[in-house]
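>>> The following comprises the amino acid sequence and a computationally predicted model.
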Amino acid sequence: QVQLVESGGGLVQAGGSLRLSCTASGRTFRRYVMGWFRQAPGKEREFVAAISWSGGSTLYADSVKGRFTISRDNAKNTVYVQMNSLKPEDTAVYYCGAGTRWVTTRAISSGDYDYWGQGTQVTVSS
């Protein structure tokens with residue numbers, strides 16, 4: 001089992017940047033595909049970005065492509081998402097997830113991930 005703890009959320013003005021971190025417990029971090037999702041009030045949890053076991057492959061939602069960058073440090077059991085050029089519509093609770101499947105042939109859903117953190121709030125003011 002993996003326990004995930006996110007950090008780095010906060011309030012930022014439109015156009016600003018934030019870096020979220022997610023640290024996992026245990027010694028099996030490198031066995032998991034890691035992903036970031038977000039959920040705005042009244043909306044379903046949506047995929048943001050994913051990174052493969054070694055970090056060699058990444059995937060992004062169209063809405064964040066070119067603005068967000070996902071990365072991981074397996075030595076530190078940590079996955080990051082650097083968020084630049086933030087927009088008010090990026091406001092949401094951001095969750096990291098750990099899973100075992102690398103999905104490329106269909107849309108990634110929260111059901112593809114087995115473990116979740118508690119979330120961190122990101123608020124972008126206009």
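Done, it's in. Since we're looking at a predicted model, the values are computed, not measured.
>>> Would you mind measuring from the residue nearest the centre of the chain to A107?
Centroid check for the chain by CA atoms, centre = their mean gives W36 as the closest residue, at 1.8 Å. For W36, the distance to A107 (CB to CB, to the nearest Å) stands at 15 Å. (Glycine included, C-beta is placed from N, CA and C.)
>>> Likewise for A61?
9 Å.
>>> what residues are shared contacts of these two?
Counting by CB atoms under 8 Å, 6 or more residues apart in numbering, the contacts common to A61 and A107 are F47.
>>> Those two: who's more crowded?
The residue with more neighbours, out of A61 and A107, is A61; 17 against 9, by other CB atoms under 10 Å.
>>> quick one, what contacts the more buried one?
For A61, the contact set (CB under 8 Å, 6+ apart) comprises 46-49.
>>> if I look at it, how far off is T100?
Using CB to CB, A61 is found at 21 Å from T100.
>>> What's the local residue count around T100?
As a burial measure, T100 scores 11 neighbours (other CB under 10 Å).
>>> sorry, back to before: what kind of secondary structure is the nearest residue to the residue nearest to the centre of the chain once chain neighbours are set aside in?
What sits nearest to W36 in space, not counting adjacent residues and going by CB to CB, 6 or more residues apart in numbering, is V48, at 4.3 Å. The assignment at V48 comes out as strand when based on DSSP: H, G, I helix; E, B strand; the rest coil.
>>> Against G26, how distant is V48?
Distance from V48 to G26, counting by CB to CB: 23 Å.
>>> Of these two, which one has the most company?
More crowded of V48 and G26, by other CB under 10 Å: V48, with 25 against 12.
>>> Look up how far Q1 lies from the more buried one.
Applying CB to CB, the value for V48 to Q1 is 23 Å.
>>> Next: S17.
Using CB to CB, S17 is found at 33 Å from Q1.
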